[in-house]
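> Below is the sequence, then the predicted model.
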Amino acid sequence: MTPHTSTWQTELAAAFTKPSHLLRYLNINSHTASTLAEQDFAMRVPLSYAACMEKGNLNDPLLKQVLPHANELIQYTNYSHDAVGDLSALTEDCIIHKYQGRVLFITTGGCAINCRFCFRRNFPYSEVQLNKQKEVRVLQYLHNHEDIHEVILSGGDPLLLNDQRLKHLIDQCAAIAHIKRIRIHTRIPIVLPARITNNLIDILSNAALPIVLVTHCNHVNELSEQVVTACLALKKQNITLLNQSVLLKDINDNAKILQELSEGLFNCGVLPYYLHLLDKATGTGHFEVQQEQALKIHQQLQNNLPGYLVPKLVKEQAGEASKTLLI
Ligand SMILES: *Cc1c(COP(=O)(O)O)cnc(C)c1O
Ligand code: SF4
């Protein structure tokens with residue numbers, strides 16, 4: 001902890017963690033959240049994200065992403081606790097090296113928000129929590145594997161680390177000669193834009209290697225003025241900005257919404273990268289969009305948008321050497 005608590009840290013500490021409080025804030029009768037689902041995976045919603053929701057609307061597409069629901073208790077076939085084979089790929093503490101040339105570096109187990117559809121809800125993060133010894137081993141692993149050219153800081157959400165920790169990890173990775181790029185996968189610019197401070201932007205823009213930042217935005221309503229400002233500030237410092245979304249039933253499984261999302265992202269300097277089919281993680285089956293439907297939606301995007309605003313439709317299959325392109 002830094003001696004001064006920043007605004008973003010205060011906002012994070014004040015995040016909604018009780019469905020009844022969030023629902024009251026939204027003027028919705030509070031009998032609708034599932035406490036059983038909540039016990040399984042706690043609710044967490046920063047105020048700046050809740051502020052993008054429509055008051056009084058239980059079907060709000062942002063609320064649906066975060067409110068614990070009894071449907072999470074349904075057992076769907078083919079859903080499991082290790083849907084994408086991450087556990088078997090954890091070759092080293094905090095490292096997932098499944099793909100050629102790049103590795104995921106799990107820097108923290110926490111996120112600023114808990115998304116109900118996330119594979120992370122089942123991941124044993126406490127067992128891979130980064131500490132000093134593990135950090136040394138990770139860096140040694142990166143050193144030893146000269147075929148690794150890109151380190152992807154992941155989690156959890158790496159932007160939950162404080163500035164000093166983040167800068168330290170970036171500097172350590174950048175000091176390894178065969179590493180050419182550092183990528184950060186984060187939902188924080190979208191759900192806690194106050195985290196994008198001038199100091200953070202300085203750290204990223206002054207890094208010794210190019211930084212690619214992949215945001216995780218699922219719906220155009222998530223692009224508040226504050227989010228737009230944060231993304232444009234990063235863009236202005238030559239940070240490459242990409243976005244990945246997850247296709248979610250009754251949330252964004254609609255070409256019009258995704259089209260608006262792509263256009264909205266472009267206006268904040270972010271290009272669409274991936275549109276993911278849901279990972280089949282236990283507790284998330286009610287969010288699934290069938291592949292056939294996904295292909296239809298994607299075709300409509302292809303018809304209606306310039307090619308550079310069409311995200312690649314992909315799914316992750318355990319054991320494959322990359323994500324699988326669906327078209
Ligand atoms: C998604 C992912 C990557 C990055 O893949 P890209 O196609 O380069 O975005 C790397 N490692 C793992 C384990 C992944 O799941
Ligand atoms: S990893 Fe991403 S999708 Fe999962 S809970 Fe964190 S922010 Fe949400």
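Arrived safely, thanks for sending. Ligands and ions are numbered 1, 2, ... in the order given.
> Grab the nearest non-local neighbour of residue 6.
Once flanking residues are discounted, residue 6 sits nearest to residue 197: 6.7 Å by C-beta to C-beta, 6 or more residues apart in numbering. To be clear about C-beta, it is placed using only N, CA and C from the backbone, and glycine gets the same treatment.
> my bad, should have said residue 93
Residue 93's closest residue in space is residue 134 (C-beta to C-beta, 6+ apart), at 4.4 Å.
> quick one: what helix or strand has the one you found in it?
helix 132-144 (DSSP states H and E).
> contact partners of that helix?
For helix 132-144, the surrounding residues in contact (C-beta atoms under 8 Å, 6 or more residues apart in numbering) are 91-95, 97, 103, 105, 128, 130, 148, 151, 169, 172-173, 176, 179.
> Mind doing that once more with 10 Å?
In this structure, residues lying in contact with helix 132-144 by C-beta atoms under 10 Å, 6 or more residues apart in numbering are 91-95, 97, 103, 105-107, 128, 130, 148, 151, 165, 168-169, 172-173, 175-179.
> Same question for stretch 169-176.
The contact list for stretch 169-176 (C-beta under 10 Å, 6+ apart) reads 105, 107, 130, 135-136, 138-139, 142-146, 148, 150-151, 153, 158, 161, 179-182, 184, 203-204, 206-211.
> If any of those are buried, put those into a PyMOL selection.
Selecting only the buried members of the contacts of stretch 169-176 in PyMOL, with burial defined as 16 or more other C-beta atoms under 10 Å, works like this:
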select buried, resi 105+107+130+135+138+139+142+145+148+150+151+153+158+161+179+181+182+184+203+204+207+209+211
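> Look at residue 17 and say how many residues are nearby.
Applying other C-beta atoms under 10 Å, we find 13 residues neighbouring residue 17.
> so where do the helices sit in the stretch 101-250 of the chain?
With DSSP state H, counting those that start in this stretch as the definition, the stretch 101-250 of the chain shows helices at residue ranges 125-128, 132-144, 163-174, 188-191, 198-205, 225-236.
> Of those helices, which is nearest residue 61?
In this view, these are compared for proximity to residue 61 by C-beta to C-beta, and helix 188-191 is the closest at 13.4 Å.
> From the contact counts, what lies against that closest one?
Packed against helix 188-191 by the contact rule (3 or more C-beta pairs under 10 Å, 6 or more residues apart in numbering; DSSP states H and E) you find helix 7-13, helix 47-50, strand 211-216, helix 225-236, strand 240-246.
> do you know how far the closest residue to residue 25 other than its chain neighbours is from ligand 1?
The shortest distance from residue 25 to any non-neighbouring residue, by C-beta to C-beta, 6+ apart, is to residue 50 (6.1 Å). Plainly put, residue 50 is 29 Å away from ligand 1 if you go by C-beta to the nearest ligand atom, to the nearest Å.
> Residue 50 and residue 65 touch, don't they?
No. In terms of C-beta atoms under 10 Å, residue 50 does not count as a neighbour of residue 65; the distance is 11.3 Å.
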